[in-house]
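1. here is a sequence with its predicted model. Questions after.
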Amino acid sequence: MTMRIRRADERGRTDLGWLESRHTFSFGDYHDDAHMGFGALRVINDDRVKPGAGFGTHGHRDMEILSYVLEGALEHKDSSGGGGVIRPGEIQFMRAGTGVTHSEFNHSKSEPVHFLQIWIVPETRGLPPAYGQRAVDLSVASDSFVLLASGDGRNGSFQVAQDVDVWVASLETGGWRTLPLRPGRKAWVHMARGAAFLNDRLLHEGDGAAVSGESALHVGGWHFAELLVFDLS
């Protein structure tokens, strides 16, 4: 097995007053040739937005975009007709495809919002834009891995235009979980909250790990932990 850990404090950062963002991979003004993505996984931005603030209308093309809220509420509007407020326990999917403009704002005037913005490069360019929002069964995530997105849309997950499975799990202190990986696959693990062991390595909030040559991931809660796994070809 090969595991390469990217610690939270090694990430790029953007501080704009209203926005505090940490970039696992190169994004915007932060560029690092050694961290341009992991396979089709191009962006994991760990964003904190102050009350009432947000990202004004801007455009994207040919990208599969997931937003996962950890705290607070995120308000989304886009040119494809998609829109809604995303809260913890929900995930949003937007296919930029041939082109879409959208905005993301903190829905609250008093509380910050903390969310992950995830970009996945599609296998096919020029797809029609699409939008969706779904609840995540957090009770299941506390017992097993829950599939958020996949290339085939199985188990009620969002179907993305890429050979990737995106999983979420939450663990209590001392709880262990195993996620099998198909032969020849690789995985990126992002510790969204708390701390947990990945096989024999301890990951803290904001840490990421690239794993290859492994048949399964074994994760155990050191404290309460919430983590995302990207299973990639």
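-> Noted; the coordinates are in hand.
2. what's the longest strand in this structure?
-> strand 216-232 (DSSP state E).
3. which elements pack onto it?
-> strand 164-171, strand 176-180, strand 186-198 (3 or more Cβ pairs under 8 Å, 6 or more residues apart in numbering; DSSP states H and E). Glycine gets a C-beta too; all of them are placed from N, C-alpha and C.
4. skipping adjacent residues, who's closest to the spatially most central residue of the chain in space?
-> When Cα atoms, centre = their mean is applied to the chain, the residue found nearest the centroid is residue 118 (4.4 Å). The spatially closest residue to residue 118, leaving aside those adjacent along the chain, is residue 66, at 4.2 Å (Cβ to Cβ, 6 or more residues apart in numbering).
5. grab the nearest non-local neighbour of residue 60.
-> Nearest to residue 60 is residue 96, by Cβ to Cβ, 6+ apart, at 3.8 Å.
6. neighbours around the one you found, how many?
-> Residue 96: 22 surrounding residues under other Cβ atoms under 10 Å.
7. what's the separation between it and residue 102?
-> 9 Å (Cβ to Cβ, to the nearest Å).
8. hang on, the residue nearest to residue 60 packs against residue 78?
-> No: counting by Cβ atoms under 8 Å, residue 78 is not a contact partner of residue 96; they are 9.1 Å apart.
9. tell me, what's touching these two both at once?
-> residue 129 (Cβ atoms under 8 Å, 6 or more residues apart in numbering).
10. deepest-packed of the helices and strands packed on strand 216-232, please.
-> Scoring those by mean neighbour count under mean count of other Cβ atoms under 10 Å gives strand 164-171 as the most buried, with a mean of 23.
11. what segments of the chain are helices?
-> 138-141 (DSSP state H).
12. ok so, going back, right, and the residue nearest to residue 118 touches residue 115 too?
-> No: the pair residue 66 / residue 115 is not scored as a contact, 10.1 Å apart, by Cβ under 8 Å.
13. just how off-centre is stretch 120-136 within its chain?
-> What separates the centre of stretch 120-136 from the centre of its chain is 14 Å, taken as Cα atoms, centre = their mean, to the nearest Å.
14. buried stuff in it?
-> 120, 121, 122, 129, 130, 131, 133, 134, 136 (16 or more other Cβ atoms under 10 Å).
15. return the closest of those with respect to residue 160.
-> Each of the buried residues of stretch 120-136 was checked against residue 160 using Cβ to Cβ; the closest is residue 120, at 6.0 Å.
16. where's the closest one relative to residue 94, distance?
-> Residue 120 is 11 Å from residue 94, by Cβ to Cβ.
17. so what's in contact with those two at the same time?
-> Contacts common to residue 120 and residue 94, judged by Cβ under 8 Å, 6+ apart, are residue 65.
18. and the contacts of stretch 13-20?
-> 21-23, 28-30, 47-50, 53-55.
19. give me that answer again for 7 Å
-> 21, 22, 23, 28, 30, 47, 48, 49, 50, 53 (Cβ atoms under 7 Å, 6 or more residues apart in numbering).
20. how about those in a markdown table, adding neighbour count and pLDDT?
-> Formatted as a markdown table, these follow (neighbours: other Cβ atoms under 10 Å; pLDDT from 0 to 100):
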| residue | neighbour count | pLDDT |
| --- | --- | --- |
| 21 | 19 | 98 |
| 22 | 20 | 98 |
| 23 | 22 | 98 |
| 28 | 11 | 95 |
| 30 | 16 | 98 |
| 47 | 21 | 98 |
| 48 | 18 | 98 |
| 49 | 24 | 98 |
| 50 | 16 | 98 |
| 53 | 16 | 98 |
